[in-house]
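# one predicted model, sequence on top.
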Amino acid sequence: MAFSDINPLFYKISERKEIIRRHLSDAFSKTVFAQDVSDTHLPHVVSSHSNGLIKRAPGVDLTLQENKAVNIALASATMNGLVVHPGETFSFWHRVGPTTRRKGYKDGRVIMADGLVAGLGGGLCNLGNTVHLLALHSPLIVTELHTHSDALAPDEGERIPYSTGTNVSYNYIDLRFQNTTDQDVQLLLWCADEKLFGELRSEAPYPFEYELVEEEHRFRKEADGKFYRVSKIYRITRDRDSKAVLAKELVRDNHSEVMYDYSLIPPEAISAT
């Protein structure tokens, strides 16, 4: 067991050390971070995604869900309209910065010590996941990604591969992607009607299309007595004109602990293997 798991003070000390380490790493890095914001939208939509901000389900704390929506709206505003020029890198935390009460952030749901608890700025993993999905459906290169369980709550409706699971925590657990193409791309993020909307735009269409597919999806009980979601998620690259498959790459070998009441797992989705 790590010292940071024994006492909250040790955790804070460890966290602060990692934050300072990331600041120093970025200061001496040659990475050029995107910072230009434009109200003029680039003309071509490369990818788009939307999802609900407030989950209403048995066992879900509605107050934390509503606070999460506030947090996501605040953080989205810091990156809405961001232009990532060729060679530049997008960094989630370079845009959002520290999540403080002075900025209006509230206690949302965070994962700590294998459980869900209230924490300041909680729920921003939802925003991180939307940004990650936009990047996965484009030729941009994800250069830093951290994940947590994608089984925090029961699925609502048809499952979307990689719809959750991206982890962000200021500032050393970051989400980053690089624009290795020859044109500008722009990130648009906004909230309306209890939904988060995201678009990735470019100056002109790219010659490829992208799709995420999930295979071998099931839940299984393992030797530790816990249930896990198990699946393999692939990204398929197609030629835009012919629709021919050019590549199929594994982007996540999913093994996620179920963090909600096991009775809510669909019986037909449980497998022994």
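Perfect, thanks for sending it. Everything quoted here is computed from the prediction, not taken from an experiment.
# where do the helices sit along the protein?
Here the chain has its helices, by DSSP state H, at 8-27, 62-79, 92-96, 124-136.
# any chance of those in TSV, plus mean neighbour count, distance to residue 41 and mean pLDDT?
Quick note: C-beta positions are derived from backbone N, CA and C, even for glycine. TSV is the format used below for these (neighbours: other C-beta atoms under 10 Å; distance: least, C-beta to C-beta, whole Å; pLDDT from 0 to 100):
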stretch	mean neighbour count	distance to residue 41	mean pLDDT
helix 8-27	12	29	85
helix 62-79	19	14	95
helix 92-96	22	18	97
helix 124-136	25	14	95
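# need these in JSON lines with distance to residue 39, can you?
Shown next, in JSON lines, are the helices of the chain (distance: least, C-beta to C-beta, whole Å):
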{"stretch": "helix 8-27", "distance to residue 39": "27"}
{"stretch": "helix 62-79", "distance to residue 39": "13"}
{"stretch": "helix 92-96", "distance to residue 39": "16"}
{"stretch": "helix 124-136", "distance to residue 39": "19"}
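# which ones are touching the closest residue to residue 99 other than its chain neighbours?
Among residues not flanking residue 99 along the chain, residue 121 sits closest, at 2.9 Å (C-beta to C-beta, 6 or more residues apart in numbering). Residue 121 makes contacts with 71, 99, 105-106, 108, 170, as judged by C-beta atoms under 8 Å, 6 or more residues apart in numbering.
# among these, which two are most distant?
The span of those, defined through C-beta to C-beta, is set by 106 and 170 at 15.3 Å.
# on that earlier part again, from the contacts of residue 121, which is closest to residue 31?
Among these, and counting by C-beta to C-beta, the member closest to residue 31 is residue 170, at 17.8 Å.
# where's the closest one relative to residue 95, distance?
According to C-beta to C-beta, to the nearest Å, residue 170 stands 11 Å off from residue 95.
# ok, residue 190 next?
Counting by C-beta to C-beta - residue 190 and residue 95 are separated by 14 Å.
# show me this protein divided up by domain.
1-30, 31-206 (automatic domain parsing).
# looking at the ones you listed, which has the lowest confidence?
Of all those, the minimum mean pLDDT falls on domain 1-30 (a mean of 77).
# quick one, what contacts residue 262?
If you count contacts by C-beta under 8 Å, 6+ apart, residue 262 has them with residue 227.
# and the gap between it and residue 137?
33 Å.
# one more: residue 158?
For residue 158, the distance to residue 137 - C-beta to C-beta - is 17 Å.
# turn the contacts of residue 121 into a markdown table, including distance to residue 225.
Formatted as a markdown table, the contacts of residue 121 follow (distance: C-beta to C-beta, whole Å):
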| residue | distance to residue 225 |
| --- | --- |
| 71 | 33 |
| 99 | 35 |
| 105 | 36 |
| 106 | 34 |
| 108 | 29 |
| 170 | 34 |
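# shouldn't residue 97 be in contact with residue 78?
Yes. Using C-beta atoms under 8 Å, residue 97 is in contact with residue 78, at 7.2 Å.
# who's more crowded, residue 158 and residue 137?
residue 137 (18 against 6; other C-beta atoms under 10 Å).
# which residues in the chain form strands?
36-37, 44-52, 82-84, 89-91, 107-112, 115-120, 141-144, 176-178, 185-192, 195-202, 208-221, 227-239, 245-257 (DSSP state E).
# so which of those strands is nearest residue 60?
Comparing those by C-beta to C-beta, strand 107-112 comes nearest, at 8.7 Å.
# the closest one packs against which elements?
In terms of contacts (3 or more C-beta pairs under 8 Å, 6 or more residues apart in numbering; DSSP states H and E), strand 107-112 is packed against helix 62-79, strand 115-120.
# quick one, which of the ones you listed is nearest to residue 182?
Short answer: helix 62-79, nearest of the helices and strands packed on strand 107-112 by C-beta to C-beta, at 22.5 Å.
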